[in-house]
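S.K.: coords below, sequence missing:
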């Protein structure tokens, strides 16, 4: 049965992955460009400890705003993120089962895994995997993490990212994201447009016209120095929050075209340097705790290597 | 396909979906690895076949010998002279050698060798047993599969292109004991993900292909490719259309499916207002669709997608694909309309922000250089230099258009559309599009001299620039595609029948750079590198290296002229007199190389003695008179025909005349005659080098 509403789609995915061993988390309460930035993915991919989680992550890409005029593009949208570490042997099959759970019959639809290699220059992370095609449409990203924050991932985290709006548009057969039915309420159906259209108009205006670039540059610089200060104090989690803030400030500056082509590359490198510093600091902090969630053999190995 | 003495071997590596472009390469390497491994053990076989789908790489080898024949080998010991001492007792060397091989000295035999007789023995080497070596052969073959980018998965340390899920290794009906990637080989394979999800126990190796076919998998890559081609062509034919099936796209699509089902979809007519190449690019690059043309070669608003499912409701798949392509085409239409609001020329300023190469400046710098060079080239080629210069000025402007940023392979094409829209001259429009031609080996060449001038200017600028900063291509590293650029230069210069050579153009290209940016010897290295490409280029056309060497030995650096000479000489080389004349030239070259005489003067007719040398002198004088007009016309065929007539007098000369005679004056005169003869040949090609 195909979920009739946007929220039903989310609930089904949560129930599915919850019943397959994932911790169902709530979204991170900060601005990020993708679910991968959530500490539950990026930081948990580092080190020998096991981790299985799923969550919705609101994602912001300021440059993608279209003032609510484009039926497919949003500066704020949702990703449904699944991470399993170590990646289970039947990870692909679990994904396919999750499609069944949201009413996609693989004998009717053409479901394909098409090569797509993922790289995040700002996070110093990369992995290999696929984009998943549903009748030629990319509906999910599927990645085996090989490196995060410059650190080799072992065990490997498997990551699945569902593009929720795109998936819902497909299932509800609408051609504008704003026409998606979010929920049925006593006052009638509430659409995605009812919930978010005004937000897209105003935030696009802010991103492209109003964002204070001087202040954003200051924010970026402040966050950068905070990351270095906080990692020095062995506080990788607050330090990481400042990496995310710096990254978002950079994205806003980018949307305002406040950074030139060559400068842009330099900013990306600066964020990467911060992400790497935090990754190492996080690894060390988990080591200091004795990698409590790791399998015994991997814990011993990792701790031996640490000394 | 097995008997008492032979067996069938099956190996299958089951994986998660492999990148489509890698299948053929990896599977053929696997199959070759297994075949070579068997051969190395002396195990012959009838036939080795490879199979590849997104989820498997496999090989079946039929009629493999179960056991290699025993062979015998000789083992050499000490020299026979050192076998016994004066008292006729075995020496320590002899007894030691015998002991080492577990026999007594009396069992040793004498073996004759180049270095005299030696003590030694003959022994039997047992042939390899297939059952004993198969496992190792398979692991070695897997280890030798070229993996472009390795990854790990789960909590394992194993690496491959994508996670490995299962292994099948069978020798007839028996599983070959084998462990790889933390998995144990078995007889269990898997069919199509959705049509046949359950494990299949293969009874024997020979059943492989048929069992998979029952499980909705066409394992044979080439068969699948042909099937897709036929399906796509049939759908197109039903619409009186022609599907454009390029080999790279067909290969990629073949690598994306196990059970191909082609389906036709369509899009709105209104999109046909967008340049066809943009629509084709959207369909091909992003969606892997084949596009359709009508009988007038016009793009039709339709596409063919190849799905991997025999859908219970094909309309779902078609509608889904139509839904994906629509926003993509809308994007292309949007970019096209939006780009046209700005003139192409006005984009020039933005090229300042795009780095070509940091030592060589921005695209704006490059544009300035190639404009001047294109102008010079056009003048040299007797073409319209204003058109060439304008074409070069605008050639790179579309790189900063929305359309090309989104569809990089529309570079040139988009620019031509915009230039046309801006009212630029037709010659300029063509130069913008065609200056990228030839895009690949065997691609079409620019249709006008002006476009060729821009194409040459762009490539020479890149060649001297990159060589000039010391980034010569090496081995497989050629990030600026200089190999391709130099072959293009050769083809372009031949096509426009250039009156000037590589060095002249290279020098002109170098002067466009600020002083000190480029290394001083750059022109010479670019010429050498480019001339080096000729060898492979002519070999591909079946022209021997000797012919090219003979032409290059004259120091010519103009590909247009080189090509004329090579083709004339290649034809001449097939003739009966060619071999004799080549030999004679070699002989002449040898004689002259050893000559201590002063050869600079003319042959003295009065000093000629023998009738054969007089005849040669006379014939040579006639030849010398008829050659210049032919050479001026670059009629090298004609010139060689004239020279061929010298064969008989030359042969007679060497038969009868003693060249290196004792009499100094006579000898010097003969050497001068030969020098004269040789100079005539070398004015076309040094055929002694053939």
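M.R.: Nice, thanks for sending it over. Quick caveat, the model's predicted, so the values are computed rather than measured.

S.K.: in the stretch 201-307 of chain A, which spans are helices?
M.R.: In the stretch 201-307 of chain A, the helices defined using DSSP state H, counting those that start in this stretch lie at A:213-232, A:236-255, A:261-288, A:296-306.

S.K.: what's the closest of these to chain B?
M.R.: Distance to chain B, taken as CB to the nearest CB, is lowest for helix A:261-288 among the helices of the stretch 201-307 of chain A, at 5.5 Å. For glycine as for every other residue, the C-beta is placed from the backbone atoms N, C-alpha and C.

S.K.: For that closest one, list every residue counted as buried.
M.R.: A:267-268, A:270-283, A:285-287 (16 or more other CB atoms under 10 Å in any protein chain shown).

S.K.: do stretch A:46-66 as well
M.R.: A:46-57, A:59-62, A:64-65.

S.K.: Do any residues in that stretch lie close to chain B?
M.R.: No - counting by CB under 8 Å from any CB of the partner chain, chain B has no neighbours in stretch A:46-66; the shortest distance is 8.8 Å.

S.K.: taking the mean pLDDT, what do you get for that stretch?
M.R.: For stretch A:46-66, the mean per-residue pLDDT is 96.

S.K.: Any idea how far apart the tips of that stretch sit?
M.R.: Using CA to CA, to the nearest Å, one end of stretch A:46-66 lies 36 Å from the other.

S.K.: ditto for stretch A:118-137
M.R.: Stretch A:118-137: ends 18 Å apart by CA to CA.

S.K.: can you tell me which residues contact the residue of the stretch 1-150 of chain A at minimum distance from chain B?
M.R.: Of all residues in the stretch 1-150 of chain A, residue A:135 sits closest to chain B, at 2.5 Å by CB to the nearest CB. Residue A:135 makes contact with A:109-110, B:307, B:316-317, B:319-321, B:323-324 under the criterion CB atoms under 8 Å, 6 or more residues apart in numbering or on different chains.

S.K.: 7 Å instead, please
M.R.: A:109-110, B:316-317, B:320-321 (CB atoms under 7 Å, 6 or more residues apart in numbering or on different chains).

S.K.: Filter the residues you listed down to just the ones in strands.
M.R.: Per DSSP state E, strands hold no members of those.

S.K.: List, one by one, the residues from chain A near chain B.
M.R.: Within reach of chain B by CB under 7 Å from any CB of the partner chain, chain A has these residues: A:72, A:86-87, A:89, A:92, A:106-110, A:112-115, A:128, A:130, A:134-137, A:144, A:146, A:155-156, A:261, A:298.

S.K.: out of those residues, which are inside strands?
M.R.: A:112-115, A:128, A:130, A:134, A:137, A:144, A:146.

S.K.: Residue numbers of the stretch 51-200 of chain B in contact with chain A?
M.R.: Going by CB under 7 Å from any CB, the residues of the stretch 51-200 of chain B near chain A are B:149, B:151-155, B:194.

S.K.: Let me know the pLDDT of residue A:262.
M.R.: In this model, residue A:262 carries a pLDDT of 63.

S.K.: now do residue B:2
M.R.: So residue B:2 comes in at 66 (pLDDT).

S.K.: Near the residue lying closest to residue A:24 once chain neighbours are set aside, how many other residues are there?
M.R.: Leaving aside its sequence neighbours, residue A:24 sits nearest to residue A:18 (CB to CB, 6 or more residues apart in numbering or on different chains; 4.8 Å). Burial measure for residue A:18: 12 neighbouring residues, criterion other CB atoms under 10 Å in any protein chain shown.

S.K.: In terms of helices and strands, where is residue A:18?
M.R.: helix A:6-19 (DSSP states H and E).

S.K.: any idea which helix or strand comes after that helix?
M.R.: Next along the chain from helix A:6-19, counting by DSSP H and E, comes strand A:23-24.

S.K.: who touches stretch B:345-353?
M.R.: So stretch B:345-353 is contacted by A:261, B:362-364, B:367, B:394, B:396-397, B:400-401, B:422 (CB under 7 Å, 6+ apart).

S.K.: out of those, who has the most neighbours?
M.R.: Result: residue B:394 is most packed of those (other CB under 10 Å), 28 neighbours.

S.K.: and that one, what element?
M.R.: Per DSSP H and E: helix B:385-395 holds residue B:394.

S.K.: Residue B:62 too?
M.R.: strand B:56-65.

S.K.: For that strand, the averaged confidence score.
M.R.: 97.

S.K.: Please report the distance of the residue nearest the centre of chain A from residue A:160.
M.R.: In chain A, the centroid-proximal residue (CA atoms, centre = their mean) is residue A:35; its distance is 1.3 Å. Residue A:35 sits 10 Å away from residue A:160, going by CB to CB, to the nearest Å.

S.K.: right, and the helix or strand after the helix or strand bottoming out on mean pLDDT in chain B?
M.R.: Ranked by mean pLDDT, DSSP states H and E, the weakest helix or strand in chain B is strand B:355-357, scoring a mean of 85. Reading on from strand B:355-357 to the C-terminus, the next helix or strand found by DSSP H and E is strand B:361-362.

S.K.: Neighbouring strands of that next one in the sheet, and parallel or not?
M.R.: strand B:355-357 (antiparallel) (DSSP bridges).

S.K.: Let me know the helix or strand that residue B:532 is in.
M.R.: Following DSSP H and E, one finds residue B:532 within helix B:522-540.

S.K.: Next secondary structure element downstream of that helix?
M.R.: helix B:545-552.

S.K.: number of nearby residues for residue 300?
M.R.: Chain wasn't specified; assuming chain A. 13.

S.K.: try again with chain B
M.R.: 19.

S.K.: So it: helix, strand or coil?
M.R.: Counting by DSSP: H, G, I helix; E, B strand; the rest coil, the backbone at residue B:300 sits in strand.

S.K.: From chain A, how far off is residue B:336?
M.R.: 17 Å (CB to the nearest CB, to the nearest Å).

S.K.: Now that residue. Nearest residue, chain neighbours left out?
M.R.: residue B:274 (5.1 Å).

S.K.: quick one, what contacts the one you found?
M.R.: Neighbours of residue B:274 in contact, by CB under 7 Å, 6+ apart: B:329, B:332-333, B:336.

S.K.: out of those, who's nearest chain A?
M.R.: Nearest to chain A among those, with distances taken as CB to the nearest CB, is residue B:329, at 12.8 Å.

S.K.: Any idea how many residues pack against the closest one?
M.R.: 21.

S.K.: before we move on, what about residue B:564?
M.R.: Residues near residue B:564, counting by other CB under 10 Å: 19.

S.K.: Do I have it right that residue B:559 meets residue B:494?
M.R.: Yes - with contact defined as CB atoms under 7 Å, residue B:559 counts as touching residue B:494 (5.4 Å).

S.K.: the more surrounded of the two?
M.R.: Counted by other CB under 10 Å, residue B:559 and residue B:494 do not tie: residue B:559 has more neighbours, with 24 against 17.

S.K.: which of the ones in strands among the residues of chain A next to chain B lies closest to residue B:203?
M.R.: Using CB to CB, residue A:113 comes nearest to residue B:203 of those, at 29.9 Å.
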